[in-house]
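Visitor: sequence unavailable; structure follows:
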């Protein structure tokens, strides 16, 4: 017993020493700030978007939405136990997928447009073929020991999941088996985002950390700290070199992957609500962040200033998404509606 | 969040060693590159270039919509 305790203490000391060295290395790399680099950049002015469509159809809180790669269809998930696929140009519902478990927390559209995936408190990621005559369950990915908080397709044959069991997982959809399990977080994983080149992904968790992983290896490459509460939302910058996170601590942060550190913080003293979701405009200049205060606030990513707000929901904004063509933004809410703005 | 056990602690040490080895670049360069990348993309960003929003997919063009 004493020997084991001694070994634990030695290891803890080693961990602390390594963390101190990492901080020192970051400090050494920190020779230029974002405020300095963005000082000469012109302001974007006030960003005022109009509500173009209000999509009604769900009967309970909407928890997640995701755009199809065609920038026209979109899938939404509600705890009314349904996934709805929408044609956003007409506002029509194209497909309704009834869920085995109504407690859904995440939904994703495969890049091909053939498949959608969802999961939640059932701990399972279920993949559906929506191109069949009626939606057909293709796979039930059942191995997580905690809730499914996020799922992201790499293709029709691979999907990444994040779970309340603190792990993320890469699955093979042909076999339905786990390929790689990513362990390193010490809190529930709440969100994940794939890099534009699909070689990396980033996860945000209840341990207030964001971690960068190589999709093909199982090891955590980089860890980003700074938040003081759960990271609920995470997105890659379109360049692939930075990440934006949104947290229950009411702030968003930009982390520079190459310099391995936080470079900007998006906080406003008047904003006392947690961030639930976020999406970026195509250039990365605008951040659309959904908050518990029923609004989606728009930030200038370079200046760190609030430049607009999307108001209209009657409850928490739970999900936000910008389609690939960058032509607008969708917000989904606990008020059961999805709104399209541009 | 539970306390780690011995095997987990050993893994944590290995992980931290691996993360420490990352080749960090100077932020003066990386942040400048980031700013340039964004600025270069602004003209193609429909939210920031009204020209691109002329054919708005979410706004009806005529008075009638063919269902």
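Guide: Perfect, I can see it now. If you're wondering where the values come from, they're calculated on a predicted model, not measured in any experiment.

Visitor: just give the number of residues close to the residue lying closest to residue A:136 once chain neighbours are set aside.
Guide: Nearest non-adjacent residue to residue A:136, counting by C-beta to C-beta, 6 or more residues apart in numbering or on different chains: residue A:129, 4.7 Å away. For glycine as for every other residue, the C-beta is placed from the backbone atoms N, C-alpha and C. Using other C-beta atoms under 10 Å in any protein chain shown, residue A:129 has 16 other residues around it.

Visitor: what does residue A:90 give?
Guide: When neighbours are counted by other C-beta under 10 Å, residue A:90 registers 14.

Visitor: so it sits against residue B:67, correct?
Guide: Yes. Contact criterion C-beta atoms under 8 Å: residue A:90 and residue B:67 qualify, at 7.4 Å.

Visitor: quick one: the helices in the chain, in order.
Guide: Just going to use chain A. Using DSSP state H, the helices found in chain A span residues A:2-29, A:34-37.

Visitor: meant chain B actually
Guide: Remark: helices assigned in chain B by DSSP H are B:6-20, B:27-41.

Visitor: can I get those helices in a markdown table with mean neighbour count?
Guide: Output for the helices of chain B, formatted as a markdown table (neighbours: other C-beta atoms under 10 Å in any protein chain shown):
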| stretch | mean neighbour count |
| --- | --- |
| helix B:6-20 | 15 |
| helix B:27-41 | 19 |
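
Visitor: quick one: which of these is nearest chain A?
Guide: helix B:27-41 (2.9 Å; C-beta to the nearest C-beta).

Visitor: low pLDDT regions in chain B?
Guide: Along chain B, the parts satisfying pLDDT under 70 run over B:1-3, B:62-66.

Visitor: residues from the stretch 151-300 of chain A in reach of chain B?
Guide: Within the stretch 151-300 of chain A, the positions near chain B by C-beta under 8 Å from any C-beta of the partner chain are A:183-184, A:186-187, A:206-207, A:219-223, A:237-239, A:241-242, A:256, A:258-261, A:263, A:281-286.

Visitor: put together CSV for the helices of chain B, with distance to chain A on each row.
Guide: Shown next, in CSV, are the helices of chain B (distance: least, C-beta to the nearest C-beta, whole Å):
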stretch, distance to chain A
helix B:6-20, 4
helix B:27-41, 3
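
Visitor: got those helices as a markdown table, with distance to residue A:320 columns?
Guide: Below are the helices of chain B laid out as a markdown table (distance: least, C-beta to C-beta, whole Å):
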| stretch | distance to residue A:320 |
| --- | --- |
| helix B:6-20 | 30 |
| helix B:27-41 | 19 |
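
Visitor: tell me how far the spatially most distant residue from the centre of chain A lies from residue B:30.
Guide: What lies farthest from the middle of chain A is residue A:2; by C-alpha atoms, centre = their mean that is 43.7 Å. Distance check for residue A:2 against residue B:30: by C-beta to C-beta, to the nearest Å, it reads 47 Å.

Visitor: out of the helices of chain A, which is closest to residue B:20?
Guide: helix A:2-29 (5.2 Å; C-beta to C-beta).

Visitor: give the other helices and strands that the closest one contacts.
Guide: Judged by 3 or more C-beta pairs under 8 Å, 6 or more residues apart in numbering or on different chains; DSSP states H and E, the packing partners of helix A:2-29 are helix B:6-20.

Visitor: what is the helix it packs on packed up against?
Guide: In terms of contacts (3+ C-beta pairs under 8 Å, 6+ apart), helix B:6-20 is packed against helix A:2-29, strand A:220-224.

Visitor: compute the inter-axis angle for the longest one and strand A:220-224.
Guide: With axes from the mean of the first three to the mean of the last three C-alpha atoms, to 10 degrees defining the directions, helix A:2-29 sits at 70 degrees from strand A:220-224.

Visitor: buried residues in helix A:2-29?
Guide: A:8, A:11, A:14-15, A:18, A:22, A:25-26, A:29 (16 or more other C-beta atoms under 10 Å in any protein chain shown).

Visitor: I'd like those as a markdown table, with pLDDT appended.
Guide: Output for the buried residues of helix A:2-29, formatted as a markdown table (pLDDT from 0 to 100):
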| residue | pLDDT |
| --- | --- |
| A:8 | 92 |
| A:11 | 94 |
| A:14 | 95 |
| A:15 | 95 |
| A:18 | 96 |
| A:22 | 96 |
| A:25 | 96 |
| A:26 | 96 |
| A:29 | 96 |
